[in-house]
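Q: sequence below, structure please.
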Amino acid sequence: MIDNYPIAMPTIAFLFNGSETDYGDFYEIYHVIFAQVLTRARDSSFQLRGGTVSLSRFSSRMSAVERNTRGRYPSVGHTETDDKQLRATLAFRFAASAASVHHQIDTDTLSMTLLQVPVEAIAASELPIDLTEHITQRISADFPGYLGWFEVDRGDPLMLTLAANGLIPFCTYDDGILNWVVPFDHDPAEKAEISWAEGLGFAAVRWTTETPEYLPEEPLSEGGAASTKLLQTRGRPQHAEKVLRALQEGLDTASGGPEITVEFGREEFGEPRVDVRKTRDYCLNDQHEKGKHKALLFKQQLGITAANWYVLAEQLAAGIEEKLVNRPERTKWAVQYEVKIPVTGPNGVTRLVTSGWKIEKGQPPFLTSAYIEKGAETDEPSSLAPLMVDGVEEVDFFRRLFDRAHAHALQKAEEWTPTPMWIVGFEKAIPEGMIGSAWVELQDGKSPFARWLRKHQLCSAHSRSRRIPAGTRFQSVEKAQKYSEAFARALRLNGVACNVGWRLD
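A: From the prediction side, this is the model:
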């Protein structure tokens with residue numbers, strides 16, 4: 001227990017082990033809370049919410065879509081699968097947020113508790129903080145499943161959702177009056193059972209169907225910034241999910257049709273593949289019977305030819321994660337669709353490139369075609385445009401390329417929140433996760449760039465190749481991988497063929 005609290009009216013969350021706490025126990029817990037409120041802080045005002053701390057609100061991924069024509073009313077539905085690594089990361093972030101403010105709970109073991117058992121929460125929006133000790137003494141004595149309390153960081157959107165606004169509103173309290181919230185689909189005349197409130201001395205007990213407003217967010221806290229970074233990187237919808245959602249929307253609007261089931265697993269959620277045969281040998285081949293017209297537009301409008309095909313390939317592979325999916329169609333062997341991606345050419349001009357993709361069973365997204373349609377002008381920049389380095393003939397080209405790739409890679413590594421790791425015998429999680437190293441390996445170890453790296457001691461010699469290490473600044477193998485992947489993308493965008501490797505230490 002931390003002493004000398006400042007005078008405040010914080011949001012307090014009381015947590016319980018759901019496997020040791022019955023639904024009926026919560027009415028007794030309400031009795032304990034309001035017994036202290038009416039005795040010690042009768043003139044206070046707050047709302048009470050309760051329910052399960054649902055990490056799946058952020059960790060669920062759409063993994064399958066189906067259209068069922070059986071029965072009287074055909075239906076379209078989907079299946080969600082839990083992302084276990086993301087769930088573990090969310091649990092750790094939740095515990096870290098709980099530990100960042102006032103608390104009386106074992107935050108070292110809280111993250112593992114969230115992963116092992118259902119955790120129930122009761123949150124009071126504005127509770128005098130000096131009441132928590134009195135409430136805790138009663139609850140801990142009567143309920144073995146009680147885990148403790150913490151102040152909700154309202155500057156952390158993840159915590160505010162999971163421990164407050166994402167819970168079910170049960171009641172509001174205002175200066176002695178209890179307003180019990182009846183679900184909108186219930187008749188208020190069928191008064192809910194609140195016998196626990198009898199004898200507590202409420203000035204009045206009322207029933208209402210009016211749901212209290214959500215607790216407002218406060219300015220982003222340090223923990224809130226960490227949670228926001230996690231949600232914007234690992235928590236955002238993945239490309240395969242966007243494909244499934246677009247497919248489901250199409251099935252919803254279609255009238256009739258056969259039964260369809262599309263299920264994506266780990267392989268389908270993999271990194272997109274852009275084959276040289278589809279870019280250099282087809283879309284940019286001015287001698288190809290079908291591809292020559294596409295090649296002419298790419299050359300005229302963007303300055304992209306078969307000689308610098310990698311400029312197109314890398315921008316398409318990177319842009320697929322950021323854009324909406326259009327015209328999805330389920331064929332016998334795959335799901336086919338389009339994505340419009342802004343591509344910047346060496347001439348500095350940007351156009352929306354219509355790219356065709358397919359996802360076959362057990363395979364990641366694969367580029368099938370790319371072309372520039374009429375009216376493809378756009379002011380939207382390509383996400384990789386800042387990484388393009390001009391002046392290839394200039395003496396400092398390699399230095400500028402290396403520095404730009406390094407800055408980009410460092411940013412991507414710092415943005416990434418690794419999956420924490422727990423070691424048997426240790427209570428605390430290791431936030432950096434598994435330890436390891438990663439590197440970028442040049443395919444041509446004798447190229448001018450490879451010789452420049454060797455001269456400036458920026459790579460290590462390995463067989464006939466050259467390796468650019470992610471550096472000792474990252475203990476986390478995930479951060480090292482993100483660094484190397486981003487570095488490699490910047491190199492490939494500028495014509496340096498390379499791969500990424502990694503290992504656990």
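Q: secondary structure element for residue 374, which one?
A: If you go by DSSP states H and E, residue 374 is part of strand 366-377.
Q: and that strand, how far out from the chain middle?
A: Distance, stretch centre to chain centre, for strand 366-377: 29 Å (Cα atoms, centre = their mean, to the nearest Å).
Q: for that strand, which outside residues touch it?
A: With Cβ atoms under 8 Å, 6 or more residues apart in numbering as the test, strand 366-377 has contacts from 272-275, 278-279, 282-283, 294, 297-298, 301-302, 312-313, 316-317, 336, 351-360. Bear in mind the C-beta positions are built from the backbone N, C-alpha and C, glycine included.
Q: buried stuff in stretch 283-292?
A: Under the neighbour-count criterion of 16 or more other Cβ atoms under 10 Å, stretch 283-292 has 283-285, 291 buried.
Q: same deal with stretch 240-251?
A: For stretch 240-251, a neighbour-count test (16+ other Cβ under 10 Å) marks 240-248, 250-251 as buried.
Q: how about residues contacting it?
A: 61-65, 67, 76, 78, 237, 257, 260, 262, 264, 268-269, 324-326, 328-330, 335, 337, 359, 365.
Q: next structured bit after the lengthiest helix in the chain?
A: The residue-count maximum for a helix in the chain (DSSP state H) belongs to helix 397-415. Downstream of helix 397-415, the first helix or strand assigned by DSSP H and E is strand 436-442.
Q: how far off centre is that following strand?
A: Between the centre of strand 436-442 and the centre of its chain there are 25 Å (Cα atoms, centre = their mean).
Q: need the helices for the chain, in chain order.
A: Using DSSP H, helices in the chain cover 25-40, 56-59, 84-99, 107-116, 131-142, 157-160, 222-233, 239-253, 276-278, 292-297, 309-319, 397-415, 448-455, 477-493.
Q: for those, give me TSV that also has distance to residue 380.
A: Output for the helices of the chain, formatted as TSV (distance: least, Cβ to Cβ, whole Å):
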stretch	distance to residue 380
helix 25-40	51
helix 56-59	28
helix 84-99	29
helix 107-116	40
helix 131-142	50
helix 157-160	27
helix 222-233	19
helix 239-253	18
helix 276-278	23
helix 292-297	18
helix 309-319	10
helix 397-415	19
helix 448-455	31
helix 477-493	18
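Q: including mean pLDDT, could these go into TSV?
A: Supplementary listing: these in TSV, determined by pLDDT from 0 to 100:
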stretch	mean pLDDT
helix 25-40	94
helix 56-59	96
helix 84-99	97
helix 107-116	94
helix 131-142	93
helix 157-160	97
helix 222-233	97
helix 239-253	90
helix 276-278	91
helix 292-297	93
helix 309-319	95
helix 397-415	96
helix 448-455	94
helix 477-493	96
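Q: for residue 207, which of the ones you listed is the nearest?
A: helix 25-40 (15.1 Å; Cβ to Cβ).
Q: what's the angle from the closest one to helix 131-142?
A: Here the directions of helix 25-40 and helix 131-142 differ by 140 degrees (axes from the mean of the first three to the mean of the last three Cα atoms, to 10 degrees).
Q: extract the CA atoms of helix 25-40 and return them as CSV.
A: What follows is helix 25-40 as a C-alpha-only set of coordinates in CSV (Å, rounded to 0.1, in the frame of the first residue of the first chain):
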residue,chain,number,x,y,z
ASP,A,25,-20.6,-12.7,-5.1
PHE,A,26,-20.6,-9.4,-6.9
TYR,A,27,-23.9,-8.3,-5.2
GLU,A,28,-22.2,-8.8,-1.9
ILE,A,29,-19.2,-6.9,-3.1
TYR,A,30,-21.5,-4.0,-4.2
HIS,A,31,-22.9,-4.1,-0.6
VAL,A,32,-19.3,-3.8,0.8
ILE,A,33,-18.5,-0.9,-1.5
PHE,A,34,-21.6,1.1,-0.8
ALA,A,35,-21.5,0.4,2.9
GLN,A,36,-18.2,2.3,3.0
VAL,A,37,-19.4,5.0,0.6
LEU,A,38,-22.6,5.8,2.5
THR,A,39,-20.6,5.9,5.8
ARG,A,40,-17.5,7.8,4.8
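Q: let me know the pLDDT of residue 195.
A: Per-residue pLDDT puts residue 195 at 85.
Q: one more: residue 187?
A: Here, the pLDDT recorded for residue 187 equals 59.
Q: what of residue 161?
A: 98.
Q: residues in contact with the nearest residue to it once chain neighbours are set aside?
A: Nearest residue to residue 161, sequence neighbours excluded (Cβ to Cβ, 6 or more residues apart in numbering): residue 57, at 6.9 Å. By Cβ under 8 Å, 6+ apart, the contact set of residue 57 is 161-162, 166.
Q: among the buried residues of stretch 240-251, which one lies nearest to residue 99?
A: Nearest to residue 99, judged by Cβ to Cβ, of the buried residues of stretch 240-251 is residue 241 at 31.7 Å.
Q: how close does the closest one get to residue 286?
A: Using Cβ to Cβ, to the nearest Å, residue 241 is found at 37 Å from residue 286.
Q: next one: residue 440
A: Computed as Cβ to Cβ, the residue 440 to residue 286 distance reads 32 Å.
Q: any idea which residue sits dead centre in the chain?
A: residue 235 (0.6 Å; Cα atoms, centre = their mean).
Q: how much space between the closest residue to it other than its chain neighbours and residue 153?
A: Distances taken as Cβ to Cβ, 6+ apart put residue 58 closest to residue 235, at 5.3 Å, once the chain neighbours are dropped. Distance from residue 58 to residue 153, counting by Cβ to Cβ: 16 Å.
Q: ok, those two, which is more surrounded?
A: More neighbours surround residue 153 than the other of residue 58 and residue 153, with 25 against 21 (other Cβ atoms under 10 Å).
Q: about what we covered before: for the residue nearest to residue 235, what are its contacts?
A: By Cβ under 8 Å, 6+ apart, the residues touching residue 58 are 86, 90, 158, 231, 235.
Q: and if you look at residue 481?
A: Neighbours of residue 481 in contact, by Cβ under 8 Å, 6+ apart: 438, 470, 500, 502.
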